[in-house]
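Colleague: Provide a 3D model corresponding to the input given below.
(4 chains)
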Protein chains: 4
Amino acid sequence: MSDMNQVRLRLQQFVQLRDWARFHSPKNLVMALAGETGELIEHFQWLTEEQSCHLPVDKLQAVADEIADVQLYLIMLADKLGLDIFVECERKMRKNAEKYPVEQAKGRADKYTGL
Amino acid sequence: MSDMNQVRLRLQQFVQLRDWARFHSPKNLVMALAGETGELIEHFQWLTEEQSCHLPVDKLQAVADEIADVQLYLIMLADKLGLDIFVECERKMRKNAEKYPVEQAKGRADKYTGL
Amino acid sequence: MSDMNQVRLRLQQFVQLRDWARFHSPKNLVMALAGETGELIEHFQWLTEEQSCHLPVDKLQAVADEIADVQLYLIMLADKLGLDIFVECERKMRKNAEKYPVEQAKGRADKYTGL
Amino acid sequence: MSDMNQVRLRLQQFVQLRDWARFHSPKNLVMALAGETGELIEHFQWLTEEQSCHLPVDKLQAVADEIADVQLYLIMLADKLGLDIFVECERKMRKNAEKYPVEQAKGRADKYTGL
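Modeller: Residues are numbered from 1 along each chain as shown, chains lettered A, B, ... in the order given. Predicted coordinates for the structure are as follows:
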């Protein structure tokens, strides 16, 4: 059974063993996160939306690698800032629900500018 | 007690109520993720690394919002692709540990090109 | 008649008047560039490819704003690093032509991983 | 003497020879631009601001490659949308000058949220 706490602990050990915490200011971690997001986007740039729903196995594996890396940097960033990601998610989902009332937003991309 | 499954379920309901699943191809979700990452980076672009370690409360709150949004899109993306994020994280951490052997990587940014 | 040199000079004056050069390390400018790219991508995230070819006038104007901002930060970054963007473009285009031989790359997205 | 028109023409020929225009919807080009921006940011993520001002020659060359790629995709995107980049830059600089009045913005990062 894998969960965020287990990942976080293993990650802290990984960083500590390599003495890399010194590079991990929030500013730098945000850049690393953006770099991984860039790698993720490159896998999708020439695909149609339809193709992106049915990735071949090797491509899916490469995408899973990038998704993991984004998650890992996000965990390190939140840790560094003293934030509990899922508490923030719950809070932000309530905010998003207010920002996008169902009756106005339903089925409309033009009313959906991003979370 | 908040965890990823609870967030995922609430998120699915949020999307379903607004009939937004139609916009959520993996290609589009990756773009939305990149958009949120861009918003996150804007909070840090003029800060020194030192300043980024000590954010004022209102700035920290705004940053927490963006971290949550990145997490939410990452969950939606992984779900759409049938991936379990934390299983992928465990797998990728093993790969990262092999890519960066402690003895070669210790304390060296030049040997650390990103996860 | 507008060209890059004119834009560059006006931009230098804009920055100097506001005493903003102090914030413009290459590291920070790259972050600002990424932030603007994120704003650009948000305009396209829910559009189909077809829709992205026929933007309504107000959306096109907003997109033009973001394209300009990306260009402005790119000019500032290259300037700071002592690079002539178009000289680098010519050099990189020769490299790209070697990386993607016509006979292997023709019409194939799977052979086109990005410039 | 190299300028944008020369780069644009060479680029059109590069794309035409490889029959790649079919992949170049504005949506896809924006993604490719974001991918290159991600590659650019990776070069800077562990550098201090000071180090980013004095790149070693080989790193500078690699950074120049990425700057060129961002520029090339930006040109292709603007072309596809029928926009003249430098005309848009002039227009946007006027807008930026109004958004950031000298007397309020001078020397202040907190008043500088990005162009």
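
Colleague: quick one, domains of chain A?
Modeller: Domains of chain A are assigned by automatic domain parsing as A:4-83, A:84-115.

Colleague: possible to save these as a markdown table with mean neighbour count?
Modeller: The C-beta positions use only the backbone N, C-alpha and C, and glycine is treated the same way. Converted to a markdown table, these look like this (neighbours: other Cβ atoms under 10 Å in any protein chain shown):
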| stretch | mean neighbour count |
| --- | --- |
| domain A:4-83 | 20 |
| domain A:84-115 | 15 |
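
Colleague: Quick check: which of those is nearest to chain D?
Modeller: Chain D lies closest to domain A:4-83 among these, at 1.2 Å (Cβ to the nearest Cβ).

Colleague: Can you give me the first-to-last residue distance of the closest one?
Modeller: In domain A:4-83, first residue to last residue: 13 Å (Cα to Cα, to the nearest Å).

Colleague: what's the average pLDDT for it?
Modeller: Domain A:4-83 shows an average pLDDT of 97 in the prediction.

Colleague: Repeat that for stretch A:94-108.
Modeller: 93.

Colleague: Identify, by residue count, the longest helix of chain A.
Modeller: helix A:57-81 (DSSP state H).

Colleague: The domains of chain A: which one's closest to residue D:86?
Modeller: domain A:4-83 (25.9 Å; Cβ to Cβ).

Colleague: what about that closest one, distance to the chain center?
Modeller: Relative to its parent chain, domain A:4-83 has a centroid offset of 7 Å by Cα atoms, centre = their mean, to the nearest Å.

Colleague: That domain and chain D, any residue contact?
Modeller: Yes: looking at domain A:4-83 against chain D by Cβ under 8 Å from any Cβ of the partner chain, the contacts come from A:23, A:28, A:31-32, A:34-39, A:41-42, A:44-46.

Colleague: Out of these, which two sit at the greatest distance?
Modeller: Farthest pair in these (Cβ to Cβ) is A:23 and A:46. Separation: 33.0 Å.

Colleague: if we look at chain C, which of the residues of domain A:4-83 next to chain D are close to it?
Modeller: Answer for the residues of domain A:4-83 next to chain D near chain C (Cβ under 8 Å from any Cβ): A:31, A:34, A:42, A:45, A:46.

Colleague: hmm, back to that, can the longest helix of chain A be found next to chain B?
Modeller: Yes: contact of helix A:57-81 with chain B (Cβ under 8 Å from any Cβ) involves A:60, A:63-65, A:67-74, A:77-78, A:80-81.

Colleague: ok, and does that helix reach over to chain C?
Modeller: No: on the criterion Cβ under 8 Å from any Cβ, helix A:57-81 is out of touch with chain C, staying 9.5 Å away.

Colleague: could you check the angle helix B:57-80 makes with that helix?
Modeller: 160 degrees (axes from the mean of the first three to the mean of the last three Cα atoms, to 10 degrees).

Colleague: Just the residues of domain A:4-83 next to chain D: which are in helices?
Modeller: Per DSSP H, the subset of the residues of domain A:4-83 next to chain D in helices is A:28, A:31, A:32, A:34, A:35, A:36, A:37, A:38, A:39, A:41, A:42.

Colleague: For residue A:60, which residues are in contact?
Modeller: B:81, B:83 (Cβ atoms under 8 Å, 6 or more residues apart in numbering or on different chains).

Colleague: about what we covered before: can you tell me which of the ones next to chain C among the residues of domain A:4-83 next to chain D comes closest to chain B?
Modeller: Using Cβ to the nearest Cβ, these come closest to chain B at residue A:34, 5.1 Å.

Colleague: how close does residue A:32 get to residue A:111?
Modeller: Distance of residue A:32 to residue A:111, computed by Cβ to Cβ, to the nearest Å: 33 Å.

Colleague: nope, residue A:87 is what I was after
Modeller: 28 Å.

Colleague: Same question for residue A:94.
Modeller: 19 Å.

Colleague: just residue A:41 next, same as before
Modeller: Taking Cβ to Cβ, one finds residue A:41 at 24 Å from residue A:111.

Colleague: thinking again about what came up before, which one among the ones in helices among the residues of domain A:4-83 next to chain D gets closest to residue B:52?
Modeller: The nearest member of these to residue B:52, counting by Cβ to Cβ, is residue A:28 at 8.1 Å.

Colleague: How about the contacts made by that closest one?
Modeller: By Cβ under 8 Å, 6+ apart, the residues touching residue A:28 are B:49, D:45, D:46.

Colleague: Not counting its neighbours along the chain, what's nearest residue A:49?
Modeller: Leaving aside its sequence neighbours, residue A:49 sits nearest to residue B:25 (Cβ to Cβ, 6 or more residues apart in numbering or on different chains; 3.8 Å).

Colleague: So the one you found sits against residue A:44, correct?
Modeller: No: between residue B:25 and residue A:44 there is no contact under Cβ atoms under 8 Å: 9.2 Å.

Colleague: where do the contact lists of the two overlap?
Modeller: With Cβ under 8 Å, 6+ apart as the test, residue B:25 and residue A:44 both reach residue A:52.

Colleague: which residue packs closest to residue A:33, ignoring adjacent ones?
Modeller: Residue A:33's closest residue in space is residue A:73 (Cβ to Cβ, 6+ apart), at 4.2 Å.

Colleague: go on, residue A:111?
Modeller: In space, residue A:111 is closest to residue A:105, 4.8 Å off (Cβ to Cβ, 6+ apart).

Colleague: list the contacts for the one you found?
Modeller: A:111, A:112, B:18, B:20.

Colleague: can I get the residues you listed in TSV with secondary structure?
Modeller: Compiled in TSV, the contacts of residue A:105 are given as follows (DSSP: H, G, I helix; E, B strand; the rest coil):
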residue	secondary structure
A:111	helix
A:112	coil
B:18	helix
B:20	coil
